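>>> how does the following fold in three dimensions:
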Amino acid sequence: PEPEEPDQTDPTPPPPDSSDERIVVAAEISGPLDYAQGGIWPVAGDRRILEGKLPGVMIRADRGAPVYSIASGRVVYAGPHTTFGNVVFVQSSQDYIYVYGGQESVTVSVGDIVEAGASIGSVGLSPSEGYGALYFTVWRNNRFVDPETAPRG
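Numbering: from 1, shown residues only. Have a look, this model is predicted:
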């Protein structure tokens, strides 16, 4: 037999399919993102390239501004970190690890699935910089990936 079409006038959504393990906890947002130089960035602001032991990008932004995931994936770590402060690690299906560090707060948990453009936390105050800033880096197979060229979406 054919499955019944849901009643279009009923405001209650159908129950979730229990066989689907993909639970989206941070919905896609419609807020402005910075599309300059290589696509979306986790937060709009001036970027400074960091080299050395912790390569990546420091993005100057307003403290408390939302931080957005630039790629879909599973949260593999969310919380305090001795080097990064409050941090979120998102692993994409292509095994890229996107690291969003220096956050004032995080709004996702380990195991959550996030979509590209989802809010995952807020910018914190960088003690070394003296202003609101987000540390952002990308890794794959234990190798640094230039955040400018890392896949988005």
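>>> dump the residue contacts of the most centrally placed residue in the chain.
With distances taken as CA atoms, centre = their mean, the chain has residue 69 as the residue nearest its mean C-alpha position (2.3 Å). Taking CB atoms under 8 Å, 6 or more residues apart in numbering as the contact definition, residue 69 lies against 26, 42, 88, 90, 98, 100, 114-118, 120. From N, CA and C alone the C-beta is placed, and that goes for glycine too.
>>> dig out what the residue nearest to residue 134 when sequence neighbours are not counted forms beta bridges with.
Among residues not flanking residue 134 along the chain, residue 59 sits closest, at 4.7 Å (CB to CB, 6 or more residues apart in numbering). Counting by DSSP bridges, residue 59 is bridged to residue 47, residue 134.
>>> what pLDDT is listed against residue 59?
With respect to pLDDT, residue 59 scores 95.
>>> what does residue 143 give?
We note a pLDDT of 94 for residue 143 in this prediction.
>>> what about stretch 99-112, distance to the chain center?
Computed by CA atoms, centre = their mean, to the nearest Å, the chain-centroid distance of stretch 99-112 equals 8 Å.
>>> whoops, I mixed them up, stretch 114-129
Centroid displacement of stretch 114-129 relative to its chain, using CA atoms, centre = their mean, is 8 Å.
>>> where in this protein is pLDDT low?
1-39 (pLDDT under 70).
>>> just give me the longest strand of it.
strand 96-106 (DSSP state E).
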